[in-house]
Structure formats: structure tokens, C-alpha cells
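S.K.: I'll drop the sequence and a predicted model, then ask my questions.
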Amino acid sequence: MYYYQDFDFEMIIIAIVIYLFLVISIAKLGTYKKCGGIKALVVSLLFTPVAGIIYVAISPVKSVLKIVHYRCHHCGLEFTNHHKYCPTCLKEGEKHRLERISMRTY
Ligand SMILES: [Zn+2]
């Protein structure tokens, strides 16, 4: 009888380890999604990893967009297209080079 109880205890430990492993794996997957790793971790812990997988799966992929802007130091305007000189300042007869700025949006 004791043997079976001991066996069950080991099984519970193994189950917890597998459970936590799954939760951490889902959390890692979640970091690539819009929901984020922490939310995926919480959902997996509270509502089982199965719910966590579904939660991560339906969450849209985190879009890491690299947006390049060109800013004029003189007038402060930003442009999405590259110009050799600031078009606004050029109208006033001034030649100001644009600074390239790259931004990351999530
Ligand atoms: Zn300008």
C-alpha cells in the first residue's frame, strides 16, 4: 500500500515538472506574439497549458516594424520618403539635409 502512495507522489512531482515546463514553453512562444510572455504564462498557469496554447495561437504575431523616418532639423518636419534636402525648407530657398531615423514599433 505504501509503495503505491509513494508512486503517486512521484507521479505528481513529474506532472508538476511537465506542467511548469509546458507553461514556460508557452510563455516563450507568447513573447513572439502580441499577448506577450507574461500574459501567456498567467493564462497557462491558471487555465492549464492547453488554454495557454490556444491563447497564444489566437493572438496575432507581434509585428516588429522598422519604420524609417527622415527628419529635418531646421523645421522639425518628418518625412517617410527620402529627399536630398527638406522639401519644405527648399520652398523657402534653404537647403537642409534630412536625418535618417529608424524606429521599432510593436
Ligand atoms: Zn525643413
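M.R.: Here it is on my side, so go on.
S.K.: name the residues of the strand or helix carrying E10 that are buried.
M.R.: According to DSSP states H and E, E10 maps onto helix 2-30. Within helix 2-30, the residues scored as buried using 16 or more other CB atoms under 10 Å are L22, V23, S25, I26, A27, L29, G30. C-beta coordinates here come from the backbone N, C-alpha and C atoms, glycine included.
S.K.: ok, then the element right after that helix?
M.R.: Downstream of helix 2-30 (by DSSP H and E), the next one is helix 37-46.
S.K.: against which helices or strands is that next one packed?
M.R.: helix 2-30, helix 48-58 (3 or more CB pairs under 8 Å, 6 or more residues apart in numbering; DSSP states H and E).
S.K.: just the CA trace of that helix, in CSV.
M.R.: C-alpha atoms of helix 37-46 as CSV (Å, rounded to 0.1, in the frame of the first residue of the first chain):
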residue,chain,number,x,y,z
GLY,A,37,5.1,36.2,-22.5
ILE,A,38,3.8,37.2,-19.1
LYS,A,39,0.1,37.0,-20.1
ALA,A,40,0.7,33.7,-21.8
LEU,A,41,2.4,32.4,-18.6
VAL,A,42,-0.5,33.6,-16.4
VAL,A,43,-3.2,32.1,-18.7
SER,A,44,-1.2,28.8,-18.8
LEU,A,45,-0.8,28.6,-15.1
LEU,A,46,-4.4,29.4,-14.2
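S.K.: for that helix, list every residue counted as buried.
M.R.: In helix 37-46, counting by 16+ other CB under 10 Å, buried: G37, K39, A40, L41, V42, V43, S44, L45.
S.K.: next: stretch 70-83.
M.R.: Y70, C72, H74.
S.K.: how about the last one: what's its closest non-neighbour residue?
M.R.: So the one you mean is H74. H96 (4.2 Å; CB to CB, 6 or more residues apart in numbering).
S.K.: the one you found touches K84, doesn't it?
M.R.: No: between H96 and K84 there is no contact under CB atoms under 8 Å: 10.2 Å.
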